[in-house]
Structures are given as C-alpha cells and as structure tokens.
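Chemist: sequence-free structure coming up:
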C-alpha cells in the first residue's frame, strides 16, 4: 500500500485522528469481489458510501479475528465529518472486548505496513558510538565474564547525594525462587561489585522469587528501594527497604499492604515515581489480573504515599484491560501542570493517558504513534521541558522484531515523537539466538543535566549509558 498515510491511533471519539478501524458489511460496501477471498491482509481498494469526497479506504479480512464476521476497513479520514462517522460506527458495532481482539490482530500483523514516520524503520538513526554525538559513554555495570548470577533483568537507577545507585533482579532465571535484588554503587568513576541486598525467603522451607526493583530518592528522607516478591506477577506483593547511607546498607524490608481495589499494594511496578509539589510520592503501577476466562487483564493504576511508604492511597485502575492491555507506566510532567503516562501494551503500541488534576483522575487510555513489542519502557521529563522515552522501536512483526533494538525518542509536547538515538541493534542475520535482548530500560536526568540509562543486556548484564541532552 505505497503512499498510504496511516497514523496508528485507535480512539472512539477524537477530532484529529487520521485512522480508524471500522467494521464493514462485506458485500454491502465492497461488492462480491471479497467473496471466496481466503488470503489474509491483501488490500483491495473500495468505495465507502458514508465517506465524503477525498477519503479513501482499504479493506482486508483477518484470518484470525476471533470469530468476528465483519471485514475490516482502514479508512484515511479526509475531514472531521469522516472521523466522527467512523468513530460512531466503531462504538456501535464493536464491544470493548471485540475492539481489543481486533486491535491486537491488526497491529501485530500490519505494523510492517505502517508508513507513519514514527514507525518507519528507515527513519531510525544508526547505532550510536561512544564519544560521538549525544552518547558520552557506555559500559557494563559488572563484567559479564564475572556475572554474579546466571541471569539478570529489570534494572533501576537513581542519583543520591553520594552518587549513583543501580539495582536489578538476578538469579538462575526469571521466576526461579533464587532470584533476589542486587545493588551496585557508582563510586569514584566505577561501579562497585554487585551485592544481593534482599531476597524472597519467607521461612526455612519457603522462598519466592523477587521482581522489578525501583529505586527512588525523595527530596527528604532515606533512599527507597521498592520491589516485588511472589511466584508470579498475578500473585506478587510489594515490599520496601530503605537506606540512610546511599545504598551501602539497608533496613529490614516491610510489606506494603493491601487495598480492596487492587489487592496487594505494589508501589511503583517498574518505573520511578514522581514527587508532587505537596511532597506526596506518586507511584506508577499496574496489575496483571488472572480472570476465569483464561485471558488475564493488564490494567494501570497509581499508588500514592505521603509518609514514605507507611500508608497508601490507590487511584484507579484507569483502564479496563480490554481495549488496551497496558502495564508499567512512566510519568511525564508538563509545564502547564498536566501529567502524562506512557505504557507498555499488548496492542503493538506505546499507550498513553493524561491527567489535568495532578493525577487524581485520568483520561481514557489511547495509543501513541510509537510501536511496542510488549516490552517495558521508561521516560523522563527533562529540565528544559522536553520529554525523553527509552523503548524498543519494534513490534513482534517488524523486520527487526521484539527486543532486538533499543531506542531513545524525544518530544516537545508528549504527542509527536522523534527517534534520535539507537542504543542497540542486532538483526537475526547477525545473531539468530533467542537470547538477544536489549530491554527494560530505566532513565533519569542527573543534577548536572546528563541523562543516565540502564537496561538489560541479553539477560547476562546490565548496561549503563550516559547521554548529553543538549545534543539530542
């Protein structure tokens, strides 16, 4: 479909959307030409009577659309009336669950066809080199040849008055009961030897794996280390330990507690909190809920503490886990006081939601223009007001699929994103191993203005890179 301008924006009611997925009544709109056509995703140009002049459409029938009988039409809306007409059709013809299934099918299969500049692989810059452009330096926190555990994942980084501290979970493999939380400190220009600071031991005969540490340094008070313990993400619970000496030693961990809206409190599920002007710590969180149907739901919520983790208030969940399966939000702050979150999703895109009342309420979750292979991201608002996102600019179906590429994008307004740095990139032709993985980034801006990022490197190492934002 050369030349078709597509913006992967799925919404029920918007004014400026260029693409909607709508059901079409097959022969009623496209004639008999679609009958007996068995090859999926082969576009056929057609006329749509409800579209005004200047609009165009392409239809295709998914081979696996979970028993949906209608064909699907990709419509390039020529004006506001088209957008509203299509939005109305969506809301009338699809249930939320059907929309979720349809979006999954479309995005996971069609992302290679999208030619929006934010998706186009040709727009991705080459892999950055240390000392050139914005990449100041890059290196492993520990030597992979001397790695303390067989695998490691899900790092976090923070700046304290005494220097940088990084943490991650490590053990035999994810979900293994021997997985604990490991910490390293940046001292005099190098990282200290990793040390396990907490684990999931419950009793002499019971031990659970640890998950997703998150470090946070409040304006006042000790360094906080949140993490999860439990057999799986659907059953884990949040824990907290603190350090009064910049990560050298840690207090006995405590369980965060329980809330009737979400079950176990988790604290920040993957990405760092933000501290609001009144001192409250707003933690971006999410749940992976098992349901009787067998299809778990991913939903986003927030947990707020005003006393460094002693008591909590829960906001949300803010999405139903049907239209978008979304987890692991990161929070951006805008100059006008608005908050924005960016989330991992199963729908092939980074999703977003906005709050205009400092996080008390959140607007309906929507898709951004950026792809996502169902992998963690992290974002930060820079001191100059720009927003920076670290993410995998891929889906499960792109030429470079999954977690084989790690990228940095910049935005002035949180809506229009521009890929500016490629941190890692390994095509299957160079290394076909499934162990290739650059994922689960964490990002902060230090007091000196430099941007620091840590991320999983093949599950064998934790890599740390430093960027100069003035060169982005």
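Modeler: Sure, I can see it. This one's a predicted model, so the numbers in the text were calculated from it and none came from an experiment.

Chemist: can you map out the helices along the stretch 201-350 of the chain?
Modeler: Assigned by DSSP state H, counting those that start in this stretch, the stretch 201-350 of the chain shows no helices.

Chemist: which stretches of it have low pLDDT?
Modeler: Where the stretch 201-350 of the chain drops to pLDDT under 70, the residues are 291-295.

Chemist: same check, this time on the stretch 51-200 of the chain
Modeler: 51-122.

Chemist: Do a quick rundown of the strands in it.
Modeler: Assigned by DSSP state E, counting those that start in this stretch, the strands in the stretch 51-200 of the chain fall at 56-60, 71-76, 135-140, 151-160, 163-171, 180-187, 190-191, 195-198.

Chemist: so which of those strands comes closest to residue 244?
Modeler: Among the strands of the stretch 51-200 of the chain, strand 151-160 comes nearest to residue 244, with 10.6 Å by Cβ to Cβ. For every residue, glycine as well, the C-beta is placed using N, CA and C.

Chemist: Paired strands for that closest one, with orientation please.
Modeler: strand 163-171 (antiparallel) (DSSP bridges).

Chemist: what's the residue nearest the centre of the chain in contact with, if anything?
Modeler: Centroid-nearest residue in the chain: residue 344, 2.7 Å away (criterion: Cα atoms, centre = their mean). Contact analysis of residue 344 by Cβ atoms under 8 Å, 6 or more residues apart in numbering lists 326, 327, 328, 350, 372, 374, 375, 376, 377.

Chemist: ok, now how distant is it from residue 359?
Modeler: 19 Å (Cβ to Cβ, to the nearest Å).

Chemist: Doesn't residue 470 belong to a helix?
Modeler: Yes - applying DSSP: H, G, I helix; E, B strand; the rest coil, one finds residue 470 inside a helix.

Chemist: wait, what's in contact with it?
Modeler: Contact partners of residue 470, counting by Cβ under 8 Å, 6+ apart, are residue 449.

Chemist: Could you do residue 274 as well?
Modeler: 281, 282, 331, 333, 339.

Chemist: So for the spatially closest residue to the last one that is not a sequence neighbour, what's the pLDDT?
Modeler: Spelled out, it's residue 339. In space, and not counting its chain neighbours, residue 339 is closest to residue 355: 4.4 Å by Cβ to Cβ, 6 or more residues apart in numbering. pLDDT for residue 355: 98.

Chemist: Who are the contact partners of residue 355?
Modeler: 338, 339, 340, 361, 362, 363.

Chemist: Buried subset of those residues as a ChimeraX selection?
Modeler: Entered in ChimeraX, the line below selects the buried ones among the contacts of residue 355, by 16 or more other Cβ atoms under 10 Å:
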select :338,339,340,362
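
Chemist: and the one helix or strand residue 380 maps to, which strands flank it?
Modeler: Following DSSP states H and E, one finds residue 380 within strand 378-381. Here strand 378-381 has these sheet partners by DSSP bridges: strand 387-391 (antiparallel).

Chemist: buried set for stretch 296-312?
Modeler: 297, 298, 299, 300, 301, 302, 303, 304, 305, 308, 309, 312.

Chemist: Going by distance to residue 238, which of those residues wins?
Modeler: Nearest to residue 238 among the buried residues of stretch 296-312 is residue 303, at 8.2 Å by Cβ to Cβ.

Chemist: ok, residue 225 to residue 174 distance?
Modeler: 19 Å.

Chemist: Counting neighbours, go ahead and name the busier of these two.
Modeler: Remark: of residue 225 and residue 174, residue 225 carries more neighbours, 27 against 15, as counted by other Cβ atoms under 10 Å.

Chemist: show me what contacts the closest residue to residue 244 other than its chain neighbours?
Modeler: Counting by Cβ to Cβ, 6+ apart, residue 244 lies nearest to residue 222, which is 4.8 Å off, once chain neighbours are set aside. Neighbouring residues of residue 222 by Cβ under 8 Å, 6+ apart: 242, 243, 244, 251, 308.

Chemist: Just give me the closest of those to residue 215.
Modeler: residue 243 (9.3 Å).

Chemist: what's the closest non-adjacent residue to the closest one?
Modeler: With sequence-adjacent residues excluded and distances taken as Cβ to Cβ, 6+ apart, residue 243 is closest to residue 223, at 4.4 Å.

Chemist: number of nearby residues for that neighbour?
Modeler: Neighbour tally, residue 223, other Cβ under 10 Å: 22.

Chemist: same question, residue 368
Modeler: Per other Cβ under 10 Å, the neighbour tally for residue 368 reads 24.

Chemist: Please apply the same query to the one 4 residues further on.
Modeler: Using other Cβ under 10 Å, residue 372 is surrounded by 28 other residues.

Chemist: you'd agree it is up against residue 392?
Modeler: Yes - proximity of residue 372 to residue 392 meets the contact threshold set by Cβ atoms under 8 Å, at 6.9 Å.

Chemist: ok now do the residue lying closest to residue 196 once chain neighbours are set aside, which residues does it touch?
Modeler: Counting by Cβ to Cβ, 6+ apart, the nearest residue to residue 196 once its immediate chain neighbours are dropped is residue 180, at 4.5 Å. Residue 180 makes contact with 169, 170, 171, 196, 197, 198, 199, 200, 210, according to Cβ under 8 Å, 6+ apart.
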